[in-house]
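In: Any chance you can model this:
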Amino acid sequence: MMQNTRRTAIKVGAVVGAAGSLGLLAELLKEPVELAAADAALPASPSGEPGWSNWSGINRCQPTALLNPQDEKEIVEIVRNSSATLRCVGAGHSFTALVPTDGTLISLDRVSGVIDAQGTSVRLKGGTRLAQLERELDARGLALHNQADIDAQSFAGAISTATHGTGRELQALHAKVQALRLVTPAGEAIECSATSRPELFRAAQVSLGSLGVITEATIEVMPAYRLHRQVWLKPLDDMLAGAQELAQQHRHFEFFYLPFTGYAAAVTHDIDTGSEVLRPESADESMLQHLRQLRDWSGRFPKLRRWLAQKLIDPGQREEARDRSWKLLSTSRPTKFNETEFHLPQEHGVACAREVIALLERHNDAYFPLEFRFVKADDAWLSPFHQRDTCSIAVHAAGGEAYQYFAHEIEPIFRKYQGRPHWGKLHTHRAEDFAALYPKWNNFLEIRKQLDPNGRMLNAHLRQVFGVAT
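Out: Model prediction:
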């Protein structure tokens, strides 16, 4: 998925335009495009009873109770006094069914904010949204080492699903966690870190919300910094051939392949020591609509679609931006989609991407860009980056359009290359699959069973993931 002003697409004369963040958007539609607004995280059900839906709308539930505690004390009381299944919810930006429950749903929206900052260690509440955290850190002259594409998530939800950004030498968000405080399924508030209850800590860094409710976290941050972003187009074969080298040369590197064009957009971010603020106006939402229009007009004729793109694209388009890190690395996404993402051993990333792209372009309805990123290894037990440097490949489908082929056609390619699925993105893996992919899988299962022998923090999806009988 393309985002903010950092994406590039196609310049198609005066008839068909599909340009991204370079500001070279050609007029396609005479009337403004109406974009779908993001649903509220906790909408009302048709019956008027409290209900829940995830961001894209493919997961819904009708909990018996939807609670919004204001602090850890209230969370402890909820856990101790409830006999129902318990699940937590943040922004609902996962596409897998991590949240749905017919029991008690706990929102952490009121358990939010930075508690304390000492040097480059910051204590924060688990429900703090990443967007809020970025701004509170910036006000203190601090910043996260890296950020994900989307910053709507709660911090607890983000680390629990191994949310990440891109950068060959940059780890995912959970790897910078120094300590955690959680309310266990027994209603006990406990702390863990690399030196205190270290096994619990390595399990809790990425836990899918199965070990308890994360109420606080201490994280390592760094002095605030600025970034210089550059975006340019390259033919796909050239981009794939140079991907590893570009990842070595830049603090952040990623690319986006534009289906049926033969071109990919390279996006790099490097430390900027200047003070100039340069922020081209974003055209990303228009770009997506224009790519969709191009698909709608010529999708039945993929050769024509590619021919038009090849003839009309301007490969000399370039863009740059300069600003504070948090203003360039994350964005909001009003256009809805569904997504699958897998994390491959770095040495297999390019080969896997070639196969996925070839498969993707067998679907004439595809138009969302494919995303390719780099992530450094870490030691969290259920981290998809556990003990291996990684390339991540993400495929998207517009909200309301077919995405079932992710599982039946694209996922087998990821499996071929020992891909670990993103915990919050669509996949069909089960316990036996994860046991083969994660060296510490059984260690995690033992910790989970000790903390939650009755499965209070599990729902149907997690029972399949962990192989726990109903």
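
In: Distance check, the residue minimising distance to the centre of the chain against residue 290.
Out: Residue closest to the average C-alpha location in the chain (Cα atoms, centre = their mean): residue 163, at 5.3 Å. When distance is defined by Cβ to Cβ, to the nearest Å, residue 163 is 29 Å away from residue 290. For glycine as for every other residue, the C-beta is placed from the backbone atoms N, C-alpha and C.

In: Over to residue 438?
Out: For residue 438, the distance to residue 290 under the criterion Cβ to Cβ works out to 41 Å.

In: how is the protein carved up into domains?
Out: Structurally, the chain divides into domains by automatic domain parsing as follows: 52-107, 114-223, 226-421.

In: I'd like these as a markdown table, with distance to residue 465 and mean pLDDT appended.
Out: Rendered in a markdown table, the data for the domains of the chain read as follows (distance: least, Cβ to Cβ, whole Å; pLDDT from 0 to 100):
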| stretch | distance to residue 465 | mean pLDDT |
| --- | --- | --- |
| domain 52-107 | 9 | 95 |
| domain 114-223 | 7 | 97 |
| domain 226-421 | 10 | 94 |
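
In: which one of those lies closest to residue 461?
Out: Evaluated over those, closeness to residue 461 peaks at domain 52-107, with 3.9 Å, by Cβ to Cβ.

In: how long is that closest one from one end to the other?
Out: Between the opening and closing residues of domain 52-107 there is a gap of 11 Å (Cα to Cα, to the nearest Å).

In: Same question for stretch 167-184.
Out: The distance separating the two terminal residues of stretch 167-184, taken as Cα to Cα, comes to 34 Å.

In: Identify each buried residue in it, please.
Out: Buried residues in stretch 167-184, counting neighbours by 16 or more other Cβ atoms under 10 Å, are found at 167-168, 170-177, 179-184.

In: do you know how far the nearest residue to residue 466 once chain neighbours are set aside is from residue 417?
Out: In this structure, residue 466 finds its nearest non-sequential neighbour in residue 431, 5.8 Å apart by Cβ to Cβ, 6 or more residues apart in numbering. Relative to residue 417, residue 431 is positioned 21 Å away (Cβ to Cβ).

In: Can you pick out the residue with more neighbours from the two?
Out: Just comparing residue 431 and residue 417: by other Cβ atoms under 10 Å the higher neighbour count belongs to residue 417, 19 against 14.

In: Surely the more buried one touches residue 350?
Out: No - the criterion here is Cβ atoms under 8 Å, and residue 417 misses it with residue 350 at 10.4 Å.

In: re earlier: how much space between the residue nearest to the centre of the chain and residue 172?
Out: For residue 163, the distance to residue 172 - Cβ to Cβ - is 7 Å.

In: what's the answer for residue 83, then?
Out: Between residue 83 and residue 172 the computed distance is 35 Å (Cβ to Cβ).
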